[in-house]
Structure formats: C-alpha cells, structure tokens
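I'll drop the sequence and a predicted model, then ask my questions.
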Amino acid sequence: MKGIAGAAKIHQVATDFKSFDSALEMYKLNAGSYPTTQQGLKALVEQPATSPAPNRWAQVLSKIPLDPWHNAYVYRLPGKKRPGEFEIISKGPDGLENTADDLSSQDE
C-alpha cells in the first residue's frame, strides 16, 4: 500500500468506517440493538430474517459498498479488540482475512 493510490485507498476505508458507524447507530436507534454478526451489514439494507428481530426496522443504506480492493467488508459483534463494540474490517490489498494488511475500525 505505497504511494498516493495506497493512501487514497486507506482514506476511503476510514471514510467507509465512519459511514458504517453512522448507519449502525441509526440502525440501533430503530432496532434497539446493533445487528448480530450473523445478520451483518446486510441488516442495513434488508430487514433481518434471523433472531433477534429488530424492534423497528428501516433501511439505512441503499447498498453496502465494497472496500477499495473490491472485497466485502467484514462485520463482527463483538469486536476482537474491544468486545463491547462492533468491528468493521477491510481485508486489505491481499483480500484475505486475518493477515497483516487488514484494516479494522477498532484500530482508530
């Protein structure tokens, strides 16, 4: 991840993390809790069919963006570093989870 292109991609991930944070907070206001790991970020665009059912549901995003390397973001609740919070992960340039180039919303 060198140079201007790499820096721009890292900046895009940070921007996406902030967008997800806002969307997840709005989801929580409606639903009463964050989506589970199983429900994932998909719960922001489609009403979850798995338990726990949200108290109230409203579509918060029109679609879930891919990271700058065209991979799906990973959502976890609880997060690995701060278990009381959700975690969003970009698999980074290698597209593999749990490698050194991963970017986590809990790294900020």
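Looks like it came in fine. Numbering: from 1, shown residues only.

Who are the contact partners of Lys28?
By C-beta atoms under 8 Å, 6 or more residues apart in numbering, the contact set of Lys28 is Tyr34. (Glycine included, C-beta is placed from N, CA and C.)

Equivalent analysis for Asn30, please.
So Asn30 contacts 54-58, 60 (C-beta under 8 Å, 6+ apart).

most neighbours, which of those residues?
Counting neighbours by other C-beta atoms under 10 Å, the top entry in the contacts of Asn30 is Val60, with 20 neighbours.

isn't it right next to Ala23, touching?
Yes: counting by C-beta atoms under 8 Å, Ala23 is a contact partner of Val60 at 4.5 Å.

OK, contacts around the most centrally placed residue in the chain?
For the chain, Ile88 is the residue whose C-alpha lies nearest the centre (C-alpha atoms, centre = their mean; 3.7 Å). Residues near Ile88 by C-beta under 8 Å, 6+ apart: 16-17, 20, 41, 73-75, 104-105.

Quick check: helices, which of those are part of them?
16-17, 20 (DSSP state H).

which one of the contacts of Asn30 is nearest Thr37?
Pro54 (15.2 Å; C-beta to C-beta).

Not counting its neighbours along the chain, what's nearest that closest one?
Ala31 (3.2 Å; C-beta to C-beta, 6 or more residues apart in numbering).

Tell me, how many residues neighbour that neighbour?
Around Ala31 there are 22 residues (other C-beta under 10 Å).

now do Gln47
Other residues close to Gln47 by other C-beta under 10 Å number 13.
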